[in-house]
Structure formats: C-alpha cells, structure tokens
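A.B. asks: sequence first, predicted coordinates after that:
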Amino acid sequence: MSVLMNFAMFPTDKGASVSPYVARVVEGVRSLNHASQLTAMGTIVETSSLEEALQVVEKAYQLLEPDCDRVYVTVSLDIRKGGSGRISLKVKSVEDKLA
C-alpha cells in the first residue's frame, strides 16, 4: 500500500511569519524517515499505511503544541493498494506527457 499525504500545519497565534514553526514541523517529518517533499503550500509525505500517515500528523502537532495555543491543519490523502515510490512517479508520469 502507498499513502500519499499532503498536509500543512502552522500556528495561527504567532503573527504573519510562521516559517520557524513550519521548519520545526518539516524537521520532525524528516526525522521519521518517510519520503517527503516540501512545497510552498505544504509537505507531501509517502507512507506505507494510513496509520503511519496519521502518526506523522500527530508527531507534527506534538512539536507545536507546547508553545502554540492555536494550530491550523489541512490534510489530503491518496491511498492506493500496490507499490511505493508514487511521490515521484506521479510527477514523472505527467512530465513525460509534457515532453
């Protein structure tokens, strides 16, 4: 199974620039050793189960919870039976068609 998750998480009570908090979340995601890709609007993570994907979200929240009173989160999931590596294969498939 391959679970692609695109999520964004940031505090809403820390002013206009929240990049230090986003960096904290991304560092936590990377420490879990799942394939991931930072984008301008969120982070894409590939896991082998829904449970692992939700654990990523939980870990990210735990990193912000101690000093953030309000946290905004969006999550979208693409769950597919079969192999892994879709985090790059989906982009490659479209790029090949553009060539």
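C.D. replies: Structure received.

A.B. asks: which other residues reach stretch 8-20?
C.D. replies: Here stretch 8-20 makes contact (Cβ atoms under 8 Å, 6 or more residues apart in numbering) with 21-22, 25, 41-43, 57, 60-61, 64, 68-74. The C-beta positions use only the backbone N, C-alpha and C, and glycine is treated the same way.

A.B. asks: quick one: it to chain centroid distance?
C.D. replies: Here the centre of stretch 8-20 is set off from its chain's centre by 16 Å, with Cα atoms, centre = their mean, to the nearest Å.

A.B. asks: likewise for stretch 59-68?
C.D. replies: 15 Å.

A.B. asks: rewinding a little: sitting in strands, which of the contacts of stretch 8-20 do you find?
C.D. replies: The strands, defined by DSSP state E, take in 42-43, 71-74 from the contacts of stretch 8-20.

A.B. asks: ChimeraX command for the buried members of the residues you listed?
C.D. replies: Buried members of these can be picked out in ChimeraX with the line below, counting by 16 or more other Cβ atoms under 10 Å:
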select :42,43,71
